[in-house]
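Q: How does the following fold in three dimensions:
(chains A and B)
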Amino acid sequence: MAYGTVNADVINTSTSGGVLGAGNASIMKNRIINGAMVVSQRNGTSSVTPTNGNGEYTLDRWAFQFSQASKFTTQQNAGSVTPPVGFSNYLGITSSSSYSIAAGDYFNVYQPIEGYNIADLGWGTANAKTVTLSFWVRSSLTGTFGGALGNSGSGGARSYPFTYTISSANTWEQKSITIAGDTSGTWLSTNGWGIAVQFGFGVGSTYSGTAGAWAGSLYFSATGATSVVGTNGATFYITGVQLEVGSSATGFEYVNYQTSLANCQRYYTKLGVGTSSSGIGVGVTSLTTTAQVVVPLPITMRASPTCTVSNMAITDWQTYTTTVTPVAYQYACPTSVLLAFNSSGFVAYRPALFVQATSAGYTDFSAEL
Amino acid sequence: MYQQNLYHPLFGKAQSVSRLSDGACIPFDEANTDYQAFKTSVLEQQANTVIEHDDSFSMSSDESILKDADGNVMTIDQAKEYVRTLP
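A: Okay, here's the model as predicted:
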């Protein structure tokens, strides 16, 4: 029996002009993780005021940089407005005051993309590929807003400031910006910082550059962009962020939840968000004062992770149960972590189950960029 | 503030450091950004850093932001020397 042969270079899709294959695939085209703002392991839907201005993650893969504390809050689905059609979630920012930004001030939300995921773009070479950034945005303010694409700054900063216009207040608008790939600079293709996509919501002149051109400087936004933090109560909402190869924006790439979560867990994993006594690791007590447990990680992380413990306990369910915090030491790799705890309540040479002490207990692992 | 971690004799020398502000345990992995920040913080410390206690007085100190495993604050030179032995 002869087998049939299928010859196909491309497969048409329902998206106008879209095809599968031939470098214009409609799957795995988006270099942004959690662009639909679905995954929020750290804070759920709670409002937070970030405190670490050097890069504090709120929604998964989205971090904030800022030069002044307590000028804004952020929340998944802040204000509970209806997201754009096809989306269920968005990242919301609300200004907490009317702050006049100085030249050196900056407030921006950004996603650093791991070098492995942009290696094919060829940035820093003569074959650098053009990309298009698209997103849905809504603000209580109108006018010119800004952002930038850039590298980590190590080995020489490279930035491409861009602008976009919000025409109607409190209305979702879709924007797209096409950017010719950078033929200069250092763009990592490893597990380090590749490209960062930045959205400014209050950036002073020091970190603002001319829109539409690559520059050898560290910019977070474009000159003349609107400051959201300058108006008390002003809002800035964003979702559907996509960075793809090509000169035009195509439809947002749908990613099922479990895939989005797994993609995020390469950078941050929070275990033990179940009921009290849920277990996340097993081990043994070696003394009455020391226990070691091994926690397998659900996804190979970008690097050996930093570990934080809250409301966790170690028990054998028979002779002892001891609440533990913090970690005494660890031996970590990207796939699992051995954690050691010191406490006076162990029984030596007994099994050690690593469980939640309360329903709020968790252990988190961070390997963020 | 950071503190050196103890280690288990079977596993060899310490492979992590603790960040005391939040109890985070940071592995010695050069790709870990918390580890990068720890090393940078220690190595960028300046001797005789002026510590402002309140409006009435200030003092100079060569105390570092790193404690040893027993909880003793290391000098800046000791801390830098330790960090230079790390990967």
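
Q: Could you confirm A:Pro112 falls within a strand?
A: Yes. Assessed with DSSP: H, G, I helix; E, B strand; the rest coil, A:Pro112 lies in a strand.

Q: count of neighbours near it?
A: A:Pro112 has 22 neighbours, counted by other C-beta atoms under 10 Å in any protein chain shown. C-betas here are computed from N, CA, C, even on glycine.

Q: next one: A:Gly155
A: By other C-beta under 10 Å, the residues close to A:Gly155 number 12.

Q: wait, doesn't it sit right on A:Gly192?
A: No. Counting by C-beta atoms under 8 Å, A:Gly155 stays clear of A:Gly192, with 10.4 Å between them.

Q: Of all the residues in chain A, which one is nearest chain B?
A: Distances between chain A and chain B by C-beta to the nearest C-beta are smallest at A:Pro326, namely 3.2 Å.

Q: okay, that residue: pLDDT?
A: Turning to A:Pro326, the model gives it a pLDDT of 89.

Q: if I pick the spatially closest residue to it that is not a sequence neighbour, what's in contact with it?
A: Closest residue in space to A:Pro326, ignoring its immediate chain neighbours: B:Gly23 at 3.2 Å, by C-beta to C-beta, 6 or more residues apart in numbering or on different chains. B:Gly23 is in contact with A:308-309, A:325-327, counting by C-beta atoms under 8 Å, 6 or more residues apart in numbering or on different chains.

Q: In those residues, find the pair that's most separated.
A: Farthest-apart pair in the contacts of B:Gly23 is A:Thr308 and A:Thr325; separation 9.0 Å (C-beta to C-beta).

Q: out of those two, which sits in the more crowded spot?
A: Shown here are A:Thr308 and A:Thr325; by other C-beta under 10 Å, A:Thr308 has more neighbours (20 against 16).

Q: so that one makes contact with A:Asp364?
A: Yes. Look at A:Thr308 against A:Asp364 with C-beta under 8 Å: they come within range, at 5.3 Å.

Q: So what does the spatially most central residue of chain A have for phi and psi?
A: Nearest to the geometric centre of chain A sits A:Arg61, at 0.8 Å (C-alpha atoms, centre = their mean). Backbone torsions for A:Arg61, taken as degrees, to the nearest 10, come to phi 70, psi 0.

Q: Do you have the strands of chain B handy? List them.
A: With strands called from DSSP state E, chain B shows them at B:2-4, B:16-19, B:24-27, B:49-52, B:58-61, B:63-67, B:73-75.

Q: any chance of those in TSV, with mean neighbour count too?
A: Output for the strands of chain B, formatted as TSV (neighbours: other C-beta atoms under 10 Å in any protein chain shown):
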stretch	mean neighbour count
strand B:2-4	20
strand B:16-19	25
strand B:24-27	25
strand B:49-52	10
strand B:58-61	11
strand B:63-67	20
strand B:73-75	17
